[in-house]
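**Q** Based on what follows, work out the 3D shape:
(one chain, ligands or ions: 1)
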Amino acid sequence: MASIGNSCSSPFIIERNGESKAFVFSTFRSRKMKTLGVVNGGVSLFYNKGKQLSRFKPLRVASTGDAVGLGDGDDSENSLQATIEKSKKVLAMQRDLLQQIAERRKLVSSIKGSVTDQDEDEDEDEDFSTGDSSLPNPDLTSRSYNRVDVVNNGSIPSSSHVNSTTKNESKILPSVEVQEKPELYFAPEKASSNNGSIKQSKTIDSKAFKSDVLPSYLSSSKAQVTDEEEESSTEADSKEAAEVDDAAVEDEKPPPLAGVNVMNIILVAAECAPWSKTGGLGDVAGSLPKALARRGHRVMVVAPRYANYADSQDTGVRKRYKVNGQELEVSYFQAYVDGVDFVFMDSPMFQSMQNNIYGGNRLDILKRMVLFCKAAVEVPWHVPCGGVCYGDGNLVFIANDWHTALLPVYLKAYYRDNGLMSFTRSVLVIHNIAHQGRGPVEDFSYVDLPEHYMDLFKLYDPIGGDHFNIFAAGLKTADRVVTVSHGYSWELKTAEGGWGLHRIINENDWKLRGIVNGIDTKEWNPQYDIHLKSDGYTNYSLETLQTGKPKCKAALQKELGLPVREDVPLLGFIGRLDQQKGVDLIAEAIPWMIGQDVQLVMLGTGRPDLEQMLRQFENEHRDKVRGWVGFSVKTAHRITAGADILLMPSRFEPCGLNQLYAMNYGTIPVVHAVGGLRDTVQQFNPFEESGVGWTFDSADASKLIHALGNCLLTYRQYKTSWEGLQIRGMKQDLSWDNAAEKYEEVLVAAKYQW
Ligand SMILES: Nc1ncnc2c1ncn2[C@@H]1O[C@H](COP(=O)(O)OP(=O)(O)O[C@H]2O[C@H](CO)[C@@H](O)[C@H](O)[C@H]2O)[C@@H](O)[C@H]1O
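**A** I've put the predicted structure just below:
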């Protein structure tokens, strides 16, 4: 008995006795054809209204996603007949629904006519919010759906809107019985469908035939009835459709910021704040997606579920993937926050790793990432968000660092090479090239790829000879590559900055772009910061800076057990304790610092020897230094608010977030001018009263001391200049919104890249 996989499978894949068959259409329809994706007994097909069906070609797909072309199968004839029959029925249902909507619209028009003008708008709103079923509201279709639906060929409502629509829609639409679980398919009309043009939107979401969600062709009626080239089956149909279209136009919301480029975006990362975080990657995964969602995209984040996150819910979806010959089950939990679908992948492999995300030996980590990436590629098929899967049309994955660099490779090897996910793209973001997923060549056997893929991973190392390198394969395979600042994008191409990957990066320069990270201005904002609401701390803004910040400084000094003195400059350092962050430069400068009248607090975890060093600093200079070994988000926020100066002597820094947070809190950064630090911290110029901090040009303790000396002098003797530095820093727009717009350009470029 054929059955569809868990609640929302690919329309192409039919599972039978543990094996899956995938159907791929051998001919793509021309733009002039009306193509409709129809769920039918587990088979999705495209058909031309009343015309000949597309031929399709069966593929056999292994549960891991490997697909092997088998040519035309005998039973395809029978299933073809069956699907034709069922398609006709569905078409009839569709006409029925359109007719009902048109009738109801007429009814509402007549009711509207009898209501006084001044009340009209309010009444409509009330009807919507209260869901009053006595007055069916045709405008629901245009109001209750996300703007994405109108312009997106994928016709996917965002989760929130799916939910709100579900609530209202049942009152205006007859329920349609569908036995099969929802499926999703988007027409493979890349160029025409993906430009977001309303008129070109032709695909009918198969979800349309599920009883509890408003069909996309009705919800975004514009998207489905305004095609001038459409061959309507009856005149009445087109008239009714046009009326529905009018209803949508009447209440149309302003277009999304992304305009016609609205897409489905899935960011995949090994960590995602606030649920999991070891550093800046977690921050980016937690906040960039929200900025993309604000631009009108439908956005999901997929991250491992390292612990039981209270705010997420089990979706009930279960899938199995092979890792190193072993079948492993994954399940998915979901939360909807600030317009983004956060999907957490659960597996015994991830559980209990919350405080040790990258823990275990090389092969343990590799196997975790193989499982994560294999499963993540199929999330848009299997995991419904707000009741509806994303599907693979108009979709771009954003993979991050080596941990997810396998994703672009799997997307290509398992799917695109086999005619699946043909219009799905991948972008790989480099947050830190120093970690690459390296191992001996034999590690290739763990990633479960065809032999000819080996070349992508193999890299020659002058010391170790040939080795296996996951980042190398991801960089070559991804459609586009982003790194987190302009400075770092340049450094990556040098032998010093590319960490052995500079040749590959140079060869792929055409697809590389530097985009400076933003910050989550809700999370990292002194005005709303939840960590400043107790223990003597206080929220402050630009207006209350001169009273609020000293209060936070005093609270921090008190909390740390340092002398509470307003006049002493308080220096802070927050970061991973490793070679990258230049902790050793601070160590070298400590004797000089101790000779100054300053206080220093350092927060970090990492290399045991550096942790020990922090403790030692504190023990030796208890009146001036605090070395806090540990990972504490609260303390990081409090140091950022309470310190006067933030030290970032990083040897290399792809972007750096702490200096951005610092500037937003009126804390002055002193940084090594490298990578993103050079891009984001302009040196103070006392003659022009410009700049936002101090920079030094080489990773040398004497340079750090020189820059810090000038900084301390300004703090002590030039208060007005100091305030100017603080104000300029705080006034900058450091939000993700700018960066999100640039990411969007990259995503669009990837989308139209063949
Ligand atoms: N002990 C501790 N307790 C609490 N919080 C702590 C902490 N140690 C670090 N953090 C927090 O972790 C984040 C660190 O972000 P960074 O961007 O500075 O560095 P990271 O090197 O991890 O990120 C990499 O990716 C980011 C994102 O792209 C790039 O900015 C960066 O240059 C690149 O190295 C900040 O939010 C910081 O507050």
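**Q** Please parse the protein into its domains.
**A** 264-514, 544-733 (the TED database).
**Q** Same list, those, but as TSV with distance to Lys751 and mean neighbour count please.
**A** All C-beta atoms are positioned from the backbone trio N, CA, C, and that covers glycine. Formatted as TSV, the domains of the chain follow (distance: least, Cβ to Cβ, whole Å; neighbours: other Cβ atoms under 10 Å):
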stretch	distance to Lys751	mean neighbour count
domain 264-514	6	21
domain 544-733	25	20
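**Q** out of those domains, nearest to Tyr537?
**A** Between Tyr537 and those, the tightest spacing by Cβ to Cβ is seen for domain 544-733, at 4.5 Å.
**Q** returning to that earlier point: Throw the domains of the chain into a markdown table and include mean pLDDT and distance to Asp535, thanks.
**A** As requested, the domains of the chain are arranged in a markdown table below (pLDDT from 0 to 100; distance: least, Cβ to Cβ, whole Å):
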| stretch | mean pLDDT | distance to Asp535 |
| --- | --- | --- |
| domain 264-514 | 97 | 20 |
| domain 544-733 | 97 | 6 |
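**Q** So which of these is nearest Ala739?
**A** domain 264-514 (7.0 Å).
**Q** how about the closest one against the ligand, any contact?
**A** Yes: judged by Cβ under 6 Å from any ligand atom, domain 264-514 comes into contact with the ligand at Gly279, Gly280, Leu281, Asp283, Val284, His431, Asn432, Val484.
**Q** Tell me the spacing between the residue nearest to the second one when sequence neighbours are not counted and Phe423.
**A** Distances taken as Cβ to Cβ, 6 or more residues apart in numbering place Leu657 nearest to Gly280, at 4.8 Å, with adjacent residues excluded. When Cβ to Cβ, to the nearest Å is applied, the distance between Leu657 and Phe423 equals 33 Å.
**Q** so who does the closest residue to the ligand within the stretch 301-450 of the chain touch?
**A** Per Cβ to the nearest ligand atom, His431 is where the stretch 301-450 of the chain lies closest to the ligand, at 3.6 Å. Contacts for His431 (Cβ atoms under 8 Å, 6 or more residues apart in numbering) come out as Gly280, Leu281, Val284, Asn400, Asp401, Thr483, Val484, Pro654, Cys655.
**Q** Looking at those, which is nearest Ala291?
**A** For those, the nearest to Ala291 is Val284 (10.4 Å; Cβ to Cβ).
**Q** So the closest one is in contact with Ile519, correct?
**A** No: contact criterion Cβ atoms under 8 Å: Val284 and Ile519 do not qualify, at 9.8 Å.
**Q** Phi first, then psi, for Lys493.
**A** phi -90, psi 0 (degrees, to the nearest 10).
**Q** actually Asn356, not the one I wrote
**A** Dihedral angles for Asn356 - degrees, to the nearest 10 - are phi -150, psi 50.
**Q** quick one: average confidence on the helix or strand where Lys86 lies?
**A** Using DSSP states H and E, Lys86 sits in helix 75-114. Averaging pLDDT along helix 75-114 gives 63.
**Q** and the stretch 151-300 of the chain, which of its residues are near the ligand?
**A** Residues of the stretch 151-300 of the chain lying near the ligand (Cβ under 6 Å from any ligand atom): Gly279, Gly280, Leu281, Asp283, Val284.
**Q** Now name the helix or strand holding the third one.
**A** Taking DSSP H and E as the criterion, the element that holds Leu281 is helix 280-294.
**Q** Secondary structure class of Val429, three-state.
**A** State at Val429, reduced to three classes by DSSP: H, G, I helix; E, B strand; the rest coil: strand.
**Q** OK, contacts around it?
**A** Contacts of Val429 (Cβ under 8 Å, 6+ apart): Val284, Ile398, Ala399, Asn400, Asp401, Val481, Val482, Thr483, Val484.
**Q** One more pass at 7 Å, please.
**A** By Cβ atoms under 7 Å, 6 or more residues apart in numbering, the contact list for Val429 reads Ile398, Ala399, Asn400, Val482, Thr483.
**Q** Thought Ile515 was touching the fourth one, still the case?
**A** So the one you mean is Val482. Yes: taking contacts as Cβ atoms under 7 Å, Val482 lies within contact range of Ile515: 5.6 Å.
**Q** which residues are in contact with both of these two?
**A** With Cβ under 7 Å, 6+ apart as the test, Val482 and Ile515 both reach Tyr743.
**Q** circling back to that earlier point, of all the domains of the chain, which lies closest to Leu257?
**A** Here domain 264-514 is closest among the domains of the chain (Cβ to Cβ), at 4.3 Å.
**Q** what about the closest one, start to end distance?
**A** 22 Å (Cα to Cα, to the nearest Å).
**Q** excluding its backbone neighbours, what's nearest Tyr358?
**A** Ile365 (6.2 Å).
**Q** Secondary structure of the one you found: a strand, I assume?
**A** No: remark: Ile365 does not belong to a strand; assigned using three-state DSSP, it is helix.
**Q** Distance check, it against Phe350.
**A** From Ile365 to Phe350 the distance is 11 Å (Cβ to Cβ).
**Q** who touches Gln682 in this structure?
**A** By Cβ under 7 Å, 6+ apart, the contact set of Gln682 is Gly691, Val692.
**Q** same thing with Tyr537?
**A** Counting by Cβ under 7 Å, 6+ apart, Tyr537 has contacts Cys552, Ala555, Arg638, Ala641.
**Q** Is there a neighbour count for the residue nearest to Asp479 when sequence neighbours are not counted? I'd like the number.
**A** Residue nearest to Asp479 in three dimensions, not counting chain neighbours: Ala750, with 4.1 Å by Cβ to Cβ, 6+ apart. Per other Cβ atoms under 10 Å, the neighbour tally for Ala750 reads 22.
**Q** what's the answer for the one 3 residues further on, then?
**A** Applying the criterion other Cβ under 10 Å, we find 10 residues in the vicinity of Gln753.
**Q** doesn't Trp510 make contact with it?
**A** No: between Gln753 and Trp510 there is no contact under Cβ under 7 Å: 10.4 Å.
**Q** Now do the strands in the stretch 551-700 of the chain.
**A** 570-574, 599-604, 625-629, 645-648, 668-672, 694-696 (DSSP state E, counting those that start in this stretch).
**Q** got those as TSV, with distance to the ligand columns?
**A** Compiled in TSV, those are given as follows (distance: least, Cβ to the nearest ligand atom, whole Å):
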stretch	distance to the ligand
strand 570-574	5
strand 599-604	5
strand 625-629	8
strand 645-648	8
strand 668-672	11
strand 694-696	16
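**Q** closest to Pro450 out of these?
**A** Using Cβ to Cβ, the strands of the stretch 551-700 of the chain put strand 599-604 closest to Pro450, at 42.9 Å.
**Q** Identify the residues contacting that closest one?
**A** The contact list for strand 599-604 (Cβ under 7 Å, 6+ apart) reads 560, 562, 568, 570-577, 593, 614, 624-628, 632, 635-636, 639, 643.
**Q** do the same with stretch 573-593
**A** With Cβ under 7 Å, 6+ apart, stretch 573-593 has contacts from 279, 434, 600, 602-607, 610-611, 613, 617, 636, 639, 647, 649-652, 658, 672, 699, 701, 704-705.
**Q** Also stretch 341-354?
**A** With Cβ under 7 Å, 6+ apart, stretch 341-354 has contacts from 159, 272, 276, 300-307, 309, 312, 328, 330-335, 359, 368, 371-372, 375, 379, 383, 385.
**Q** Try it again at 8 Å.
**A** In contact with stretch 341-354 (Cβ under 8 Å, 6+ apart) are residues 159, 272, 275-276, 298-307, 309, 312, 315, 328-336, 359, 367-368, 371-372, 375-376, 379, 383, 385-386.
**Q** for Leu747, what are its contacts?
**A** Asn261, Met263, Ile265, Val396, Ile398, Arg425, Val427, Arg480.
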